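>>> Got a predicted model here, sequence first, then my questions.
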Amino acid sequence: MTARHVVSVETLLLRAGDGWSYRRVVVSPGPGESPDEAARRAAGVEQGTDEVVVHSTSWRHRPGEIVLTYAVCPDPEPWLPADGRPAAEPARGAAPATPSPERVEVAQVAAHAIRHLAFLMAEDPVVREALSRHPEVAIALSPSAGTGGGRAPAWAVPPSGTSAR
């Protein structure tokens, strides 16, 4: 017997400016709709836009469910309420061969999405061109902000005297 899983599309709409913030929208793909299409629908982003990046950044398993996470940057509706800073501590498994953490917080997923976008900003010319149209985003993802090349941004470094697992 094969286990069936529901697919959920978690869309994190990211904002840069005075620190990062995010909104979260979760949808299920409609009949015949791909996860990419569902993420764009959740974010209100047209397929052909070159102003907003929609990018799959991660996935995770929950009992009976696969959650696909998409970063959308910049948030096309920045006037809507958003959550504050993404988590400084990344979600991690207990050991190198145990990648799934016991618990994953949305703020950790948002921080991962921002790191992913920083990597893409450095490595993907299409993403770089789109995000460079938004100076606050480009600055926040730049190497001088501590996020270039996939490095953790300054706000994600644990405070002095603490250690990352």
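Structure's in. What do you need?
>>> use CA for all of it now, contacts and neighbours both
Noted.
>>> doesn't residue 55 make contact with residue 130?
No. Residue 130 is beyond contact range of residue 55, at 12.0 Å (criterion: C-alpha atoms under 8 Å).
>>> can you pull out the helices in this protein?
35-43, 106-123, 125-132, 135-141 (DSSP state H).
>>> taking those together, which one is wrapped up most tightly?
When you average the neighbours per residue for each of the helices of the chain (mean count of other C-alpha atoms under 10 Å), helix 106-123 leads with a mean of 23.
>>> and it, average pLDDT?
Per-region confidence: helix 106-123 scores 93 on mean pLDDT.
>>> For that helix, name the packing helices and strands.
strand 53-62, strand 65-73, helix 125-132, helix 135-141 (3 or more C-alpha pairs under 8 Å, 6 or more residues apart in numbering; DSSP states H and E).
>>> so can I have CSV of those showing distance to residue 109?
Output for the helices and strands packed on helix 106-123, formatted as CSV (distance: least, C-alpha to C-alpha, whole Å):
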stretch, distance to residue 109
strand 53-62, 8
strand 65-73, 8
helix 125-132, 20
helix 135-141, 17
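>>> Out of the ones you listed, which gets nearest to residue 29?
strand 65-73 (10.8 Å; C-alpha to C-alpha).
>>> residues contacting residue 47?
Applying C-alpha atoms under 8 Å, 6 or more residues apart in numbering to residue 47 gives the contacts 37, 40.
>>> what's the distance between it and residue 80?
Using C-alpha to C-alpha, to the nearest Å, residue 47 is found at 22 Å from residue 80.
>>> Tell me which of the helices and strands packed on helix 106-123 sits nearest to residue 42.
Nearest to residue 42, of all the helices and strands packed on helix 106-123, is strand 65-73, at 10.0 Å by C-alpha to C-alpha.
>>> Tabulate the helices of the chain (a markdown table), appending distance to residue 63.
What follows is these, written out as a markdown table (distance: least, C-alpha to C-alpha, whole Å):
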| stretch | distance to residue 63 |
| --- | --- |
| helix 35-43 | 19 |
| helix 106-123 | 17 |
| helix 125-132 | 33 |
| helix 135-141 | 34 |
